[in-house]
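Engineer: Would you be able to build a 3D model of this:
(one chain, ligands or ions: 2)
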Amino acid sequence: MKSIMDLHTHTIASGHGYSTLQENIMEAQRMGLQFLGLSEHGPAMPGGPHEYFFSNYKCIPRQYGNLRLLCGIEANITDDKGGLDLPEHLLERMDYVIASMHPPCVTPGGREYNTRASIKAMQNPMVKILGHPDDARYPLDYDELVRAAKEEGVALEVNNSSLHPMAPRMGAKENIETLLSYCMKYQASVLLGTDSHISYTIGKYDAVMEIIESVQFPRALILNYEPENIHGLVNIKL
Ligand SMILES: [Zn+2]
Ligand SMILES: [Zn+2]
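Structural biologist: Numbering: from 1, shown residues only. Ligands and ions are numbered 1, 2, ... in the order given. Here you go, the predicted structure:
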């Protein structure tokens, strides 16, 4: 089966990405994707774009041959009360929203705090994807998290970049295995994302597929393969 979407990508606008939007689009086309998501880091990320960046997406064409571009945000979870780093009126204008925990945008708490912070973020109706819930710096109660994601209709991301040997998100392999075991138990869906910070990695899921194969994760719970799954991941009509 072939993944036809990658909704987690960054450009030079994030401050620590190395490709332009045009380069990302060209690579997504070369990879035969049907959906490419621009998920720039929210303004709380050092070097990240100002909120004006997110208010000007109207100027970006969305269709490139067979490729549909979606312009969204990887918003920073900022506390355990549902705080995100973009005002509500702008969040509502995003094609889609990923919510993630990143240092230094939120101080890691204990397992309870991090789980509550993630669940509160998922309860925001704009949030349809929880980014990389695999980071040992932010321990999570996966049983509780997966049940909440299923209830809220939020996709849990399996992040290919977390598995890079030099990735700062330590313990990702073990955490992804645990996450997937609860997703199987509760029949919760996941979304594969590359979290590309350079065009060359767009649409490539080699590291996560190794784990998917090794735990025999059912393909029916992976949202990347069927174009109609896009409707549950975005906040716009397509
Ligand atoms: Zn992230
Ligand atoms: Zn990212």
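
Engineer: Please make it C-alpha for all contacts and neighbour counts, starting now.
Structural biologist: OK.

Engineer: for stretch 164-179, how far is the first residue from the last?
Structural biologist: From its first residue to its last, stretch 164-179 covers 18 Å (CA to CA, to the nearest Å).

Engineer: Quick check: buried residues in it?
Structural biologist: By 16 or more other CA atoms under 10 Å, the buried positions in stretch 164-179 come out as Arg169, Met170, Gly171, Ala172, Lys173, Asn175, Ile176, Glu177, Thr178, Leu179.

Engineer: check which helix or strand covers the fifth one.
Structural biologist: The reference is to Lys173. Using DSSP states H and E, Lys173 falls within helix 172-186.

Engineer: which residues touch that helix?
Structural biologist: 133-136, 142-143, 146-147, 150, 158, 162-163, 188-190, 211, 215, 217-218 (CA atoms under 8 Å, 6 or more residues apart in numbering).

Engineer: What about these, which are in strands?
Structural biologist: Val158, Val190 (DSSP state E).

Engineer: would you put the C-alpha positions of stretch 111-124 in PDB?
Structural biologist: This file holds the C-alpha atoms of stretch 111-124, laid out as PDB (Å, rounded to 0.1, in the frame of the first residue of the first chain):
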ATOM      1  CA  ARG A 111       2.900  11.800  33.200                       C
ATOM      2  CA  GLU A 112      -0.400  13.100  34.500                       C
ATOM      3  CA  TYR A 113       0.300  16.700  33.500                       C
ATOM      4  CA  ASN A 114       1.500  15.800  30.000                       C
ATOM      5  CA  THR A 115      -1.400  13.500  29.400                       C
ATOM      6  CA  ARG A 116      -3.900  16.200  30.600                       C
ATOM      7  CA  ALA A 117      -2.200  18.800  28.400                       C
ATOM      8  CA  SER A 118      -2.400  16.500  25.300                       C
ATOM      9  CA  ILE A 119      -6.000  15.600  26.000                       C
ATOM     10  CA  LYS A 120      -7.100  19.200  26.600                       C
ATOM     11  CA  ALA A 121      -5.500  20.200  23.300                       C
ATOM     12  CA  MET A 122      -7.300  17.300  21.500                       C
ATOM     13  CA  GLN A 123     -10.600  18.600  22.900                       C
ATOM     14  CA  ASN A 124     -10.200  21.800  20.800                       C
END
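
Engineer: Just the residues contacting that stretch, thanks.
Structural biologist: With contact meaning CA under 8 Å, 6+ apart, stretch 111-124 is reached by 77, 79-84, 99-101, 108, 127-130, 138-141, 144-145, 148-149, 152, 154.

Engineer: So for Ala172, what's the nearest residue that isn't a sequence neighbour?
Structural biologist: What sits nearest to Ala172 in space, not counting adjacent residues and going by CA to CA, 6 or more residues apart in numbering, is Asp134, at 5.0 Å.

Engineer: cool, and Tyr225?
Structural biologist: Tyr225 sits nearest to Ser3 (CA to CA, 6+ apart), 4.8 Å away.

Engineer: After the helix or strand where Ile98 lies, which helix or strand is next?
Structural biologist: Assigned by DSSP H and E, Ile98 belongs to strand 97-100. Next along the chain after strand 97-100, taking DSSP H and E as the criterion, comes helix 111-122.

Engineer: what separates Asp85 from Arg111, distance-wise?
Structural biologist: Distance, Asp85 to Arg111, by CA to CA: 22 Å.
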